[in-house]
Each structure stands twice: as structure tokens, then as C-alpha cells.
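kindly return the folded structure for what I paste below:
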Amino acid sequence: MPQVPVKHWHLLMLAYSLLKLGAADSALGTILGHASSLCNDVKRSFRESVQNLLSWALNSPDRSTDELMHQIDGMFV
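Residues are numbered from 1 along each chain as shown. Purely as a prediction, here's the structure:
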């Protein structure tokens with residue numbers, strides 16, 4: 001059986017590595033895209049939560065800050 005030149009193996013390994021790197025970059029891009037989307041969703045949810053909390057607090061002018069904080073603490077227990 002004829003022996004394959006070393007250069008052939010080097011080119012084969014280079015091609016294989018480039019293909020693997022391309023797949024890894026694509027997978028990494030997908031993961032980063034999902035992470036970015038999740039981050040934006042969390043920011044939006046947090047903003048809405050703070051807005052709702054402030055709205056609720058402002059619509060309860062007859063309660064003291066301590067009463068409001070006590071009620072908020074009760075929500076997380």
C-alpha cells in the first residue's frame with residue numbers, strides 16, 4: 001500500500017480543524033444569541049416589576065413606608 005505524504009495529513013487535519021471551528025463558532029453564536037435574548041427578557045421583566053412596585057406604592061399614600069415594606073417582605077416569604 002502506498003504511503004500518504006505527510007503534507008496530505010497536514011492538509012487533512014487543517015481542513016478538519018477549520019470545519020470543527022466553524023461548527024463551534026456557529027454553536028457559540030447561537031448560545032450567545034440566546035443568552036443575549038434571555039438577558040434582554042430579564043431586564044424588561046425587572047423594569048416592569050419595578051414600575052409596578054412603584055405604581056402600587058404611589059397608589060397607597062395612606063400607608064407609611066414601614067407598612068409598605070412589611071407588606072413587600074410578606075410577598076417574598
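
just the pLDDT for residue 1.
As predicted, residue 1 sits at a pLDDT of 51.

tell me the helix or strand right after the helix or strand containing residue 17.
Element membership of residue 17, judged by DSSP states H and E, is helix 6-58. Per DSSP H and E, the first helix or strand lying C-terminal to helix 6-58 is helix 65-75.

avg pLDDT for that following helix?
Mean predicted confidence for helix 65-75 is 81.

before we move on, what about stretch 33-50?
88.

roughly how far is that stretch from the heart of the chain?
8 Å (CA atoms, centre = their mean, to the nearest Å).

contacts for it next, please.
For stretch 33-50, there are no surrounding residues in contact (CB atoms under 8 Å, 6 or more residues apart in numbering). Placement of C-beta: from N, CA and C, glycine included.

now that stretch: buried residues?
The neighbour-count check on stretch 33-50 (16 or more other CB atoms under 10 Å) flags nothing as buried.

what's the distance between the most centrally placed residue in the chain and residue 64?
With distances taken as CA atoms, centre = their mean, residue 35 lies nearest the centre of the chain, 2.6 Å away. Going from residue 35 to residue 64 by CB to CB, to the nearest Å gives 42 Å.

same thing with residue 37?
For residue 37 relative to residue 64 (CB to CB), the value is 41 Å.

local confidence estimate at residue 4?
pLDDT at residue 4 comes out at 60.

now do the one 10 residues further on
Residue-level confidence at residue 14 comes out at 83, pLDDT.

likewise residue 24?
69.

same thing with residue 18?
76.

count of neighbours near it?
Summarising burial for residue 18: neighbours were counted as other CB atoms under 10 Å, giving 10.

off-centre distance for stretch 57-66?
With CA atoms, centre = their mean, you get 35 Å for stretch 57-66.

may I see the buried residues of it?
Result for stretch 57-66 [16+ other CB under 10 Å]: no buried residues.

give me the phi and psi for residue 64.
phi -80, psi 170 (degrees, to the nearest 10).
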